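Chemist: structure, please.
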Amino acid sequence: MIHATLVPGRLVLRQGDCLDALRRWPDASVHAIVTDPPYGLNASEPDILKVLKKWLAGERYEHRAVGFMGKKWDSFVPDPELWRECLRILKPGGHLVASGSPRTCDLLMLGLRIAGFEIRTTVAWTYGNGLSASHGLGQSVEKLITTGRTARIGRPMGGKSRERFKSTGKGSWIADSGGGIPLTQPEAVKWNGWGTRMRPAFEPIVIARKPLELSTVPANVLKYGTGAINMDGCAVIVPGEPDRQPATLVHDGSNDITDLFPGGVARFFYVAKPRDEERAVSDHPTMKPVALMQWLCRLVTPPNGIVVDPYAGSGTTGEAIVLEGFRGMLIEREEEYCRHILRRFANPIVATDSQAVPELRDRKRQPVQTSLF
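Modeler: Below is the predicted model of the structure:
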């Protein structure tokens, strides 16, 4: 197990189950939780009645499936039990920010509500380069009619079977991954051009809040420093115009998105998907850009506040915590990704947001201190 001090006095990493790690934290000791939890994007849709029966009884629901890109850790969204621990360690009025998927965001929010959170709003992070997971129906119908199955089958020979099919009529074309199989069946031709899923263009980011202890936000802020959001600190700076208050839309700057706003997108916060230099430290399949995590941490965390990320992944939230001058803890179960986080924090800080804390932009990190136990 890996335990690491990533930035002395500011940020630590703990490997292990996040539920176990959170249970060790004292009550009402954290200002914000900012995380990118599992989306549960598996092919097997759960029986929602069974899910609710478990959740309402205070039990965990175990979904026997693998999730995004065959990852076991993405088999299902977190249970209310996890969110209850998050609620417990947050100060009254503390915010929780959790990314989700349009397909399973309803379960994410339901789990948060059952745990006792108030759903405050949802931010849409929009982008133009989403990859579709749609299956070409014409191809699938052709395979089903001619072979009795729609899934590809393995084959020992190399090369593209599609090319062999075109030139010789031989070969197992069902193994081809290019999607260019000739359609010979009338029913396959009929359904050509149909698919199973639309191309994704946004991800919802849920902002929830632990109920206030006191009757008003001002009273709660004076006692705990929590309950409000940082409007000026997250405003969009527009040259020659008054700053725009943060909105529930974030965009990636792609033409697909900016063309939708003839008057310009300057009124919305801009952050692109992670670039190659960000991905150099990790091949995590669901990495978020550091600048987005900075904006979200800054939105809900008071100065010098404590932020916890129960699903640290590649460590982008940790990068954001340091750049914004906060303190915090990262929790990650998978040793592979813990190693990626260590690699990230072995390099100098690279500012990705012009509003990052100035004294931290160019400061190099201390050497990573690690202990195995």
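Chemist: next, count neighbours for Val221.
Modeler: 16 (other Cβ atoms under 10 Å). (C-beta placed from N, C-alpha, C; glycine too.)
Chemist: how about the secondary structure of it?
Modeler: helix (DSSP: H, G, I helix; E, B strand; the rest coil).
Chemist: from Pro26, how far out is it?
Modeler: To Pro26, Val221 is 21 Å away according to Cβ to Cβ, to the nearest Å.
Chemist: and the helices in the stretch 51-200 of the chain?
Modeler: Using DSSP state H, counting those that start in this stretch, the helices of the stretch 51-200 of the chain run over 80-89, 105-115, 137-147, 161-168, 186-190.
Chemist: distance from the third one to the middle of the chain?
Modeler: Spelled out, it's helix 137-147. Centroid separation for helix 137-147 versus its chain: 35 Å, with Cα atoms, centre = their mean, to the nearest Å.
Chemist: for it, packing partners?
Modeler: On a contact count with 3 or more Cβ pairs under 8 Å, 6 or more residues apart in numbering; DSSP states H and E, helix 137-147 meets helix 186-190.
Chemist: the helix it packs on: which residues count as buried?
Modeler: Residues Ala188 are the ones in helix 186-190 that count as buried (16 or more other Cβ atoms under 10 Å).
Chemist: what of stretch 304-314?
Modeler: Applying a neighbour-count criterion of 16+ other Cβ under 10 Å, one finds 305-314 buried in stretch 304-314.
Chemist: now that stretch, how far from the centre of its chain.
Modeler: Between the centre of stretch 304-314 and the centre of its host chain there is 13 Å, according to Cα atoms, centre = their mean.
Chemist: quick one: end-to-end length of that stretch, please.
Modeler: The first residue of stretch 304-314 is 23 Å away from its last residue (Cα to Cα, to the nearest Å).
Chemist: tell me the mean pLDDT over that stretch?
Modeler: For stretch 304-314, mean pLDDT is 94.
Chemist: ok so, going back, and of the helices of the stretch 51-200 of the chain, who's closest to Gly253?
Modeler: Nearest to Gly253 among the helices of the stretch 51-200 of the chain is helix 105-115 (23.6 Å), distances taken as Cβ to Cβ.
Chemist: state the mean pLDDT of that closest one.
Modeler: 95.
Chemist: now the strands for this protein?
Modeler: Here the chain has its strands, by DSSP state E, at 2-7, 11-15, 30-35, 90-99, 118-126, 202-209, 249-251, 269-270, 306-309, 327-332, 369-372.
Chemist: distance to Leu110 for those strands - can I get that in a markdown table?
Modeler: As requested, the strands of the chain are exported to a markdown table (distance: least, Cβ to Cβ, whole Å):
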| stretch | distance to Leu110 |
| --- | --- |
| strand 2-7 | 33 |
| strand 11-15 | 28 |
| strand 30-35 | 17 |
| strand 90-99 | 12 |
| strand 118-126 | 10 |
| strand 202-209 | 11 |
| strand 249-251 | 24 |
| strand 269-270 | 27 |
| strand 306-309 | 22 |
| strand 327-332 | 23 |
| strand 369-372 | 38 |
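Chemist: least confident of the ones you listed, on average?
Modeler: strand 369-372 (a mean of 35).
Chemist: hmm, back to that, which of the helices of the stretch 51-200 of the chain has the lowest average pLDDT?
Modeler: With a mean of 42, helix 161-168 has the lowest mean pLDDT of those.
Chemist: now do the contacts for Thr126.
Modeler: Taking Cβ atoms under 8 Å, 6 or more residues apart in numbering, we find Thr126 in contact with 201-202, 249-252, 257.
Chemist: ah, wrong one, I meant Asp27
Modeler: 88-89.
Chemist: for Val34, same thing?
Modeler: Contacts here follow Cβ under 8 Å, 6+ apart; on that basis Val34 touches 96-97, 293, 296-297, 300-301, 307-309, 317, 320.
Chemist: and what of Arg333?
Modeler: Arg333 is in contact with 15-18, 73, counting by Cβ under 8 Å, 6+ apart.
Chemist: among the residues you listed, which has the minimum pLDDT value?
Modeler: Across these, the smallest pLDDT goes to Trp73, namely 56.
Chemist: tell me which of the strands of the chain lies nearest to Leu41.
Modeler: Among the strands of the chain, strand 202-209 sits nearest to Leu41 (Cβ to Cβ), with 11.4 Å.
Chemist: quick one on the thing from earlier: got a markdown table for the helices of the stretch 51-200 of the chain, with distance to Pro8 too?
Modeler: Output for these, formatted as a markdown table (distance: least, Cβ to Cβ, whole Å):
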| stretch | distance to Pro8 |
| --- | --- |
| helix 80-89 | 22 |
| helix 105-115 | 33 |
| helix 137-147 | 55 |
| helix 161-168 | 57 |
| helix 186-190 | 63 |
